[in-house]
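*Asks:* attaching a predicted model along with its sequence, questions to come.
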Amino acid sequence: MKRLIKDFTLDELKKWVEEAGERPFRANQIFEWLYKKNATDVNAFTNIPLALRKKIEEEFILNSLRTIESMCDGESIKFLFELVDKNAIESVFLPYSYGNAICISTQVGCRMNCAFCASAIGGMIRNLSAGEMVDQIINVENVTEKKISNIVLMGSGEPFDNIENVFKFIDIVNSKEGKNIGARHITISTVGIVEGIYKLSEYPKQVNLAISLHAPNNQLRNELVPINKKYPIEEVLKAVDCYIEKTNRRVTFEYALIDGVNDSDECAKELAKMLSGRLVHVNLIPINPVNEKGFKRPPRERIREFYNILESSGIQVTIRRELGSSIAAACGQLRARHYKYIL
Ligand SMILES: C[S@@+](CC[C@H](N)C(=O)[O-])C[C@H]1O[C@@H](n2cnc3c(N)ncnc32)[C@H](O)[C@@H]1O
Ligand code: SF4
């Protein structure tokens, strides 16, 4: 069976090239075609000997994705991609003033089953490989003809449930021979898998961390984020404190505001008390309604009041710019629609 060439780090590809009877520098040339020029056809590799090109073609898949659908809301573009095994995933292209970002998926589906998330509908199908994550960047760059400078792992899936492939992906996109995207421009968003947060604290690259919190106490969080029963808030905060101590990097807490569920003054005060004194930033996300989940976005004034309570308590806080909500940007929605989980 053919393997995906983008699952190989440079060292791994050098080994393969040597086994194929060529000198290791050929791997650097191949990397240049794949990551600097975004080539998806081996015939474009004009400085590679024909025999080696033929061998690459025989052994490797050069592009693991096919665009099924893309939707643009004037700013952001959402992509639905088909994988080689016919599963589908989503990625979102987000232009910001500081550069172009991409929100990538790390799994097909997700097993965490958060109450408001479309990614969980249909359950977890499988992990994505490192190369399938890299290919989301290559394909989005090729379609938009724009360079990506920032990556958020906030599409479908839980990155720390697929941590080895995620770290390999980061190695490839961060390497100067690969996409050369700085680690500080990469953010991992997690539901709070404590072992993953500790591993990230030890990880040599300065990758950003975002925690999907969504509730200021265990009782409410157990309902919204079921994995909280395994990793309660205190354990998550302990791991976050360790990450901050080791890296001295500010951590973002994502808080999806749901009308009448977690948007009260009491919730805001409890949240402020919990996070006070920590090197954190709270990102308030007005929930993207997912039809069959039945949650609604709070009124604008409620969001503003929640924000004010946090801000006046000295917490650094922002309300997320709602890029892409009109095209179902809450990841998993387009895929769910594709499979008719949501009509
Ligand atoms: C889809 S998750 C993927 C990353 C990781 N699994 C996590 O939970 O952080 C990325 C972010 O989207 C949020 N999210 C999921 N469904 C949403 C919705 N319907 N509206 C707004 N945000 C949502 C999640 O809570 C999380 O903060
Ligand atoms: S919010 Fe994150 S962890 Fe929860 S179901 Fe969605 S993708 Fe999975």
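*Replies:* It's in. Since the model is a prediction, treat every value here as computed from it, not as a measurement. Residues are numbered from 1 along each chain as shown. Ligands and ions are numbered 1, 2, ... in the order given.

*Asks:* restricting to C-alpha, output stretch 19-37 in CSV.
*Replies:* These are the backbone C-alpha positions of stretch 19-37, laid out as CSV (Å, rounded to 0.1, in the frame of the first residue of the first chain):
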residue,chain,number,x,y,z
GLU,A,19,17.8,3.0,0.7
ALA,A,20,16.7,3.9,-2.8
GLY,A,21,20.4,4.2,-3.7
GLU,A,22,20.5,8.1,-3.8
ARG,A,23,22.4,10.7,-1.8
PRO,A,24,20.7,12.2,1.2
PHE,A,25,20.6,15.8,-0.2
ARG,A,26,17.9,14.5,-2.6
ALA,A,27,15.5,14.5,0.5
ASN,A,28,16.2,18.2,1.0
GLN,A,29,15.3,18.8,-2.7
ILE,A,30,12.1,16.8,-2.3
PHE,A,31,11.2,18.7,0.8
GLU,A,32,11.7,21.9,-1.1
TRP,A,33,9.2,20.8,-3.8
LEU,A,34,6.7,19.6,-1.2
TYR,A,35,6.8,22.5,1.3
LYS,A,36,8.3,25.5,-0.4
LYS,A,37,6.7,25.1,-3.7
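
*Asks:* how about it: buried residues?
*Replies:* Glu22, Arg26, Ala27, Gln29, Ile30, Phe31, Trp33, Leu34, Tyr35 (16 or more other C-beta atoms under 10 Å). Every C-beta, even on glycine, is put in place using the N, C-alpha and C of the backbone.

*Asks:* now the third one: which helix or strand?
*Replies:* So the one you mean is Ala27. Per DSSP states H and E: Ala27 is located in helix 25-31.

*Asks:* tell me which helix or strand comes right after that helix.
*Replies:* Per DSSP H and E, the helix or strand that comes after helix 25-31 is helix 50-59.

*Asks:* alpha carbons only: can I get that next one in CSV?
*Replies:* Taking Å, rounded to 0.1, in the frame of the first residue of the first chain, the C-alpha atoms of helix 50-59 are listed here in CSV:
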residue,chain,number,x,y,z
LEU,A,50,13.7,10.4,-13.4
ALA,A,51,14.4,7.0,-11.8
LEU,A,52,13.9,8.5,-8.3
ARG,A,53,10.8,10.3,-9.4
LYS,A,54,9.4,7.0,-10.7
LYS,A,55,10.2,5.3,-7.3
ILE,A,56,8.5,8.2,-5.4
GLU,A,57,5.4,7.8,-7.6
GLU,A,58,5.3,4.0,-7.0
GLU,A,59,5.7,4.2,-3.3
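
*Asks:* after it, which helix or strand is next?
*Replies:* Per DSSP H and E, the helix or strand that comes after helix 50-59 is strand 60-61.

*Asks:* and that next one, which strands flank it?
*Replies:* strand 3-4 (parallel) (DSSP bridges).

*Asks:* can you list contacts of the partner strand?
*Replies:* Applying C-beta atoms under 8 Å, 6 or more residues apart in numbering, the contact partners of strand 3-4 are Glu59, Phe60, Ile61, Ser64, Val84, Ser129, Gly131, Glu132, Asp135.

*Asks:* repeat the analysis, applying 7 Å as the threshold.
*Replies:* With contact meaning C-beta atoms under 7 Å, 6 or more residues apart in numbering, strand 3-4 is reached by Glu59, Phe60, Ile61, Ser64, Ser129, Gly131, Glu132.

*Asks:* give me the nearest residue to Val166, chain neighbours excluded.
*Replies:* Excluding the flanking residues, the one nearest Val166 by C-beta to C-beta, 6 or more residues apart in numbering is Pro159, at 4.7 Å.

*Asks:* wasn't Arg126 part of a strand?
*Replies:* Yes: counting by DSSP: H, G, I helix; E, B strand; the rest coil, Arg126 is located in a strand.

*Asks:* can you count the residues close to it?
*Replies:* 14 (other C-beta atoms under 10 Å).

*Asks:* equivalent analysis for Asp241, please.
*Replies:* By other C-beta under 10 Å, neighbour count at Asp241 equals 15.

*Asks:* now the strands for the stretch 51-200 of the chain?
*Replies:* Secondary structure of the stretch 51-200 of the chain by DSSP state E, counting those that start in this stretch: the strands cover 60-61, 66-72, 77-82, 88-96, 99-103, 107-109, 124-127, 150-153, 186-190.

*Asks:* got the angle between the longest one and strand 99-103?
*Replies:* What it means is strand 88-96. 160 degrees (axes from the mean of the first three to the mean of the last three C-alpha atoms, to 10 degrees).

*Asks:* flag every residue of the stretch 1-150 of the chain that's near ligand 2.
*Replies:* The stretch 1-150 of the chain has residues Cys110, Met112, Asn113, Cys114, Cys117, Ser119, Ala120 near ligand 2, with proximity defined as C-beta under 6 Å from any ligand atom.

*Asks:* and those as a markdown table, adding distance to Leu271?
*Replies:* Below are these laid out as a markdown table (distance: C-beta to C-beta, whole Å):
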| residue | distance to Leu271 |
| --- | --- |
| Cys110 | 24 |
| Met112 | 21 |
| Asn113 | 23 |
| Cys114 | 18 |
| Cys117 | 20 |
| Ser119 | 24 |
| Ala120 | 24 |
